[in-house]
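Engineer: build me a model from this:
(chains A and B)
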Amino acid sequence: KNEVEQSPQNLTAQEGEFITINCSYSVGISALHWLQQHPGGGIVSLFMLSSGKKKHGRLIATINIQEKHSSLHITASHPRDSAVYICAARPQGAQKLVFGQGTRLTINP
Amino acid sequence: NAGVTQTPKFQVLKTGQSMTLQCAQDMNHNSMYWYRQDPGMGLRLIYYSASEGTTDKGEVPNGYNVSRLNKREFSLRLESAAPSQTSVYFCASSSQGAHGYTFGSGTRLTVV
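Structural biologist: Below is the predicted model:
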């Protein structure tokens, strides 16, 4: 079992739908990152969370430390949101990240 | 713009050739990393440098060497390239602060 598990692995939705991607981790962490990678593109850091909730535009990330669970939400999804979203946990005392396998999101017009 | 700069963006090597991937960051981050990304495997850590003057092996270090030249630069060297090293390579840097991780744009390497 991976230390960081994401679900779903693949998600296809229609433009405008509310999207949720889930991430569960088994290690104690100091931070959790959500990353975005467009096809053939680089990796962009969306959020770094250690508690609570963060919002940036249509993206919202939440974390529940007790339950070792984080979610990434996208409101009013758009085809340009189509990308792979990667959850990555930073174990306590470490700078290295432990990555989930990613969620491939496709938003159809 | 501030960030992580990787060169080259694309490279084709013949088996047995050597090359160095360059990475530089201008955010005064202490830690730097080299990852490879393969289809279905996600990101895997090759080597990292927690601070200037230190380097450590990651999950998949075999066939690679690194140099932390100074605080800004962290290079990855393939001494004798093999087809199994065909991959996309990402450099990243990090700090403990709110800015978290920053990734370079990637190097697509093909070894034939």
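
Engineer: could you use CA atoms for every contact and neighbour count after this?
Structural biologist: Noted.

Engineer: check contacts around residue 87.
Structural biologist: I went with chain A, as the question did not name one. For A:C87, the contacting residues are A:V4, A:Q6, A:C23, A:L32, A:H33, A:W34, A:L35, A:F99, A:G100, A:Q101, A:G102, by C-alpha atoms under 8 Å, 6 or more residues apart in numbering or on different chains.

Engineer: wait, I meant chain B there
Structural biologist: When contacts are counted by C-alpha under 8 Å, 6+ apart, B:S87 touches B:R36, B:Q37, B:D38, B:R108, B:L109, B:T110.

Engineer: what bridges to the spatially closest residue to the third one that is not a sequence neighbour?
Structural biologist: Nearest non-adjacent residue to B:D38, counting by C-alpha to C-alpha, 6 or more residues apart in numbering or on different chains: B:S87, 5.7 Å away. Going by DSSP bridges, B:S87 is paired in beta bridges with B:L109.

Engineer: could you do A:N108 as well?
Structural biologist: Beta-bridge partners for A:N108, by DSSP bridges, are A:Q14.

Engineer: any idea how many residues pack against it?
Structural biologist: Look at A:N108: counted by other C-alpha atoms under 10 Å in any protein chain shown, it has 15 neighbours.

Engineer: for it, give me the pLDDT.
Structural biologist: For A:N108, the model assigns a pLDDT of 97.

Engineer: isn't it up against A:P79?
Structural biologist: Yes - counting by C-alpha atoms under 8 Å, A:N108 does reach A:P79; the two are 5.8 Å apart.

Engineer: list just the nearest of the contacts of B:S87 to chain A.
Structural biologist: Closest approach to chain A among the contacts of B:S87 (C-alpha to the nearest C-alpha): B:R108, at 9.5 Å.

Engineer: quick one: that closest one from B:K9, how far?
Structural biologist: Look at B:R108 and B:K9: by C-alpha to C-alpha, to the nearest Å, they are 6 Å apart.

Engineer: repeat for A:Q92
Structural biologist: Noted for A:Q92: a distance of 33 Å to B:K9, by C-alpha to C-alpha.

Engineer: check B:Q22 too.
Structural biologist: From B:Q22 to B:K9 the distance is 10 Å (C-alpha to C-alpha).

Engineer: now do the strands in the chain.
Structural biologist: With no chain named, the answer covers chain A. For chain A, strands defined by DSSP state E occupy the ranges A:4-7, A:10-14, A:19-25, A:29-37, A:43-49, A:52-56, A:59-64, A:69-74, A:83-91, A:98-99, A:103-108.

Engineer: other chain: chain B
Structural biologist: Taking DSSP E, the strands of chain B run over residues B:4-7, B:10-13, B:19-25, B:31-38, B:42-49, B:56-57, B:64-68, B:74-78, B:87-94, B:101-103, B:107-111.
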